Structures are given as structure tokens and as C-alpha cells.
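S.K.: how would this look folded up:
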Amino acid sequence: MTAGLSESVEDTLEVADGTELVSDRIADLVEYLVVNIVDDVDAVSLEVIDSESSSAIEVSVAADDVAKVIGRHGRTIKAIRTLARALAARLGTSVEIEVLG
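M.R.: Below is the predicted model:
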């Protein structure tokens, strides 16, 4: 399993030369996770703000779905952030995620 992940990381880095940014790969992961949590899938939107050494991803969801994305005591959003930061670290960058209602 690790070898497959390493190959996909290498593919992402190769593609990052202009076709697709590394932050877009992280945003795809975050979007996948959020879409599978919320009820109103059409209300989900992500805005990626890139800087030189990091990225910020603002996740907008319907007002009724904010609590689902955050979870009890913030556990769900913490897990999403952990996964996104792990991927970002493997890709050599950093990421911050904010949830907007």
C-alpha cells in the first residue's frame, strides 16, 4: 500500500508543473471527505488560497451541515485537517482548513 501511495505522490509532483497544483490534490481530498458527510452536496464549495509555502482551503457548506462537518467537540474537522496536513506534508507543503457556514 505504501508503494502505491508513493507512486501517486510522485505523479502529483510531476503534474504540479502547471497542469495541476499540489494544493488542488489536497482540496480534492477535503472535498471528497466533506461531500460524503453533508446532506446538501450542492452547497459544498471550496476556495483554495495559495501562498508561496502553504495553502488555505475555505470550505463552504449549507448552514444545516456546518455542525456535521465540525462534529462533536470538533472531532470531525480535526480528523479532516489531520488527513489534509498529512497529505500536504508528503507533498512538501502545508495547509490550513477553515469551515464557513
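
S.K.: sketch out the low-pLDDT regions of the protein for me.
M.R.: 1-20 (pLDDT under 70).

S.K.: tell me where it has helices.
M.R.: For the chain, applying DSSP state H gives helices covering 2-15, 22-35, 66-70, 75-90.

S.K.: redo these as a markdown table? Include distance to Ala43 and mean neighbour count.
M.R.: No exception for glycine: its C-beta is placed from N, CA and C like everyone else's. Compiled in a markdown table, those are given as follows (distance: least, C-beta to C-beta, whole Å; neighbours: other C-beta atoms under 10 Å):
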| stretch | distance to Ala43 | mean neighbour count |
| --- | --- | --- |
| helix 2-15 | 28 | 11 |
| helix 22-35 | 10 | 18 |
| helix 66-70 | 10 | 16 |
| helix 75-90 | 17 | 16 |
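
S.K.: can I get those in CSV with distance to Glu52?
M.R.: Listed next are the helices of the chain as CSV, based on distance: least, C-beta to C-beta, whole Å:
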stretch, distance to Glu52
helix 2-15, 17
helix 22-35, 12
helix 66-70, 28
helix 75-90, 14
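
S.K.: who's in contact with the spatially most central residue of the chain?
M.R.: When C-alpha atoms, centre = their mean is applied to the chain, the residue found nearest the centroid is Val30 (2.9 Å). Counting by C-beta atoms under 8 Å, 6 or more residues apart in numbering, Val30 touches Leu46, Ile57, Val59, Ile80, Ala84, Ile97.
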